[in-house]
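A.B. asks: the following block contains a protein sequence and its predicted model.
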Amino acid sequence: RAKNLGGNRWVYYDHADDERRLAAQRLRGELERALKQKEFILYWQPIIDLQTAQCVAVEALIRWQHPERGLLLPASFMDIAEKSPAMQRIGTWVIQAACQQANTWAAAGFPLDIQINLSARQIENHRLCEELRDNLNRCPALSADQICLELVERIALRDLRKTARLISDCQSLGVRFALDDFGTGPAALQYLLELGCNQIKIDHSFIIPLSQSPRHQNMVLAMVQMANALGVSVTAEGIEDENTQGLVKDAGADRAQGYHLARPMPAEELTEFMRQKIAS
Ligand code: C2E
Ligand code: MG
Ligand code: MG
Ligand code: MG
């Protein structure tokens, strides 16, 4: 088959496109089942304080334990999820599961700060503050200032004023905010100025080339100075080796996260990781 693009231009019908569309459709249906059958799980990646080298926080990263396809990373389903009505409930589940886990850790003597990624749908949901309050009520060992919500620039873009208001409402509960993948969006500086976030996470695309590129080093230094001038703390993402860890520390970053420090892991493994850290 072919489709007519007007005039005398004919293009062969793209079957790969068709397959992609079908796969997306199937995935959208499966999201509902995944929620019901509790197929989503959280992995946790440590974030360290560069001064003390201690793990001071953990980021919750969603995984899908798919019955046929195995453990799926967000890259293989979050784009489609974001466009589906199920995303609202997935986001609600992430917050709830993350708070519960942090409460368990706190009750067991590991009071870890947690970082939770927000989706666009959660920013548009005016119930976010209430959801946080409900979760805090259900989690007596967890306090609001242990929670940091991460948002990416493309999310905030939709309505800057509204996003700023939502952030300040949640901040009045004690919850903090981070700008994730900082530097990759089209309006990074405007967001830094107007959203009142507490933290930036410099995207790994700036960090990975550091040891090879003085220009990247200068850029990271400038980002740190800018954040410092605004009273915003800095986490460097994507630390893949010792040398890079040294470079971000020298640039003045507060915290670091990356495969060199620790990979994302299931909660039980993280508990073991913390036990060993404390023992040594
Ligand atoms: P992100 O929030 O920027 O998370 C960091 C991502 O970088 C994670 O990928 C992590 O595994 C990966 N990473 C960690 N250390 C390194 C490193 O040293 N080098 C490199 N190259 N990568 C590293 P992951 O878990 O596949 O998540 C990808 C993205 O999916 C996240 O990026 C976040 O935007 C989104 N995401 C994950 N969980 C959730 C969630 O619960 N809700 C929402 N809305 N989005 C989520
Ligand atoms: Mg993140
Ligand atoms: Mg990031
Ligand atoms: Mg990212």
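C.D. replies: Structure received. Please read these numbers as outputs of a predicted model, since none were measured by experiment. Ligands and ions are numbered 1, 2, ... in the order given.

A.B. asks: ligand 2 contacts on the protein?
C.D. replies: Neighbours of ligand 2 within the chain, by CB under 5 Å from the ion: Asn117, Glu150, Asp180. Yep, even glycine has a C-beta here, placed from its N, CA and C like the rest.

A.B. asks: most surrounded residue in those?
C.D. replies: With neighbours taken as other CB atoms under 10 Å, the top of the residues of the chain next to ligand 2 is Asp180, carrying 25 neighbours.

A.B. asks: and that one, what does it touch?
C.D. replies: Asp180 is in contact with Asn117, Glu150, Leu151, Val152, Lys201, counting by CB atoms under 8 Å, 6 or more residues apart in numbering.

A.B. asks: now render those residues as TSV, adding pLDDT.
C.D. replies: Below are the contacts of Asp180 laid out as TSV (pLDDT from 0 to 100):
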residue	pLDDT
Asn117	97
Glu150	96
Leu151	93
Val152	89
Lys201	97
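
A.B. asks: how about the residue positioned nearest the centre of the chain, nearest residue that isn't a chain neighbour?
C.D. replies: By CA atoms, centre = their mean, the chain has its centre lying nearest to Asn117, at 3.5 Å. Using CB to CB, 6 or more residues apart in numbering and skipping the chain neighbours, the partner closest in space to Asn117 is Glu150 (4.9 Å).

A.B. asks: confirm that neighbour sits in a strand?
C.D. replies: Yes: according to DSSP: H, G, I helix; E, B strand; the rest coil, the state of Glu150 is that of a strand.

A.B. asks: name the nearest of the residues of the chain next to ligand 2 relative to Trp93.
C.D. replies: Asn117 (12.6 Å; CB to CB).

A.B. asks: would you check that Glu150 makes contact with Ala60?
C.D. replies: No: applying CB atoms under 8 Å as the test, Glu150 and Ala60 come out as separate, 9.4 Å apart.

A.B. asks: this completes my enquiry, with thanks.
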